[in-house]
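1. Build me a model from this:
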Amino acid sequence: MSVKFTSLQCKEVICVSNGQRLGFVSDVQITLPEGNVCAIVVPGPCRFPGLLGRREDFIIPWNSICKIGPDIVLVDTKPEECRVPRGRRPS
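-> Next up, the predicted model:
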């Protein structure tokens with residue numbers, strides 16, 4: 001599958017198992033020096049009307065992506081297992 005990062009940005013991510021909207025793709029993680037994409041990053045939802053920052057980010061493994069459409073990305077994963085505290089992304 002060949003996809004440009006710019007075409008992934010701002011696509012909504014939806015979990016197929018429960019229909020939950022996770023948010024919008026903001027970043028990708030790649031392995032170095034190979035340059036393979038290993039995960040997409042979706043910022044967590046805002047806390048109290050945006051005043052208290054955001055909750056944990058979702059780091060969704062690339063192999064969990066089922067389909068990339070024109071507007072959405074469908075993933076088959078449990079959202080609870082993908083949560084990572086903000087600022088502590090795995091390296």
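2. Break down the chain into its helices, ranges please.
-> Under the criterion DSSP state H, the chain contains helices at 5-8, 79-82.
3. Report the buried residues of the last one.
-> Of all the residues in helix 79-82, those buried under the rule 16 or more other C-beta atoms under 10 Å are 79, 82. The C-beta positions use only the backbone N, C-alpha and C, and glycine is treated the same way.
4. Kindly report the same for the first one.
-> Within helix 5-8, the residues scored as buried using 16+ other C-beta under 10 Å are Leu8.
5. For that helix, output the C-alpha coordinates as CSV.
-> Extracted in CSV, the C-alpha atoms of helix 5-8 (Å, rounded to 0.1, in the frame of the first residue of the first chain):
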residue,chain,number,x,y,z
PHE,A,5,1.7,11.4,4.7
THR,A,6,-0.1,14.5,3.5
SER,A,7,-3.0,12.5,2.3
LEU,A,8,-3.2,10.7,5.7
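6. got the contact list for it?
-> 25, 28, 40, 68, 73 (C-beta atoms under 8 Å, 6 or more residues apart in numbering).
7. returning to that earlier point: now render the helices of the chain as JSON lines, adding distance to Asn36 and mean pLDDT.
-> Formatted as JSON lines, the helices of the chain follow (distance: least, C-beta to C-beta, whole Å; pLDDT from 0 to 100):
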{"stretch": "helix 5-8", "distance to Asn36": "13", "mean pLDDT": "74"}
{"stretch": "helix 79-82", "distance to Asn36": "19", "mean pLDDT": "76"}
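8. Looking at those helices, spot the one closest to Ile59.
-> helix 79-82 (5.7 Å; C-beta to C-beta).
9. And the contacts of that closest one?
-> By C-beta under 8 Å, 6+ apart, helix 79-82 touches 15, 20, 22, 58-61.
10. What subset of these is buried?
-> Buried, going by 16+ other C-beta under 10 Å: 15, 22, 58-60, out of the contacts of helix 79-82.
11. Where do the strands of the chain begin and end?
-> With DSSP state E as the criterion, the chain has strands at 12-15, 21-24, 27-30, 37-42, 57-61, 65-68, 72-75, 83-84.
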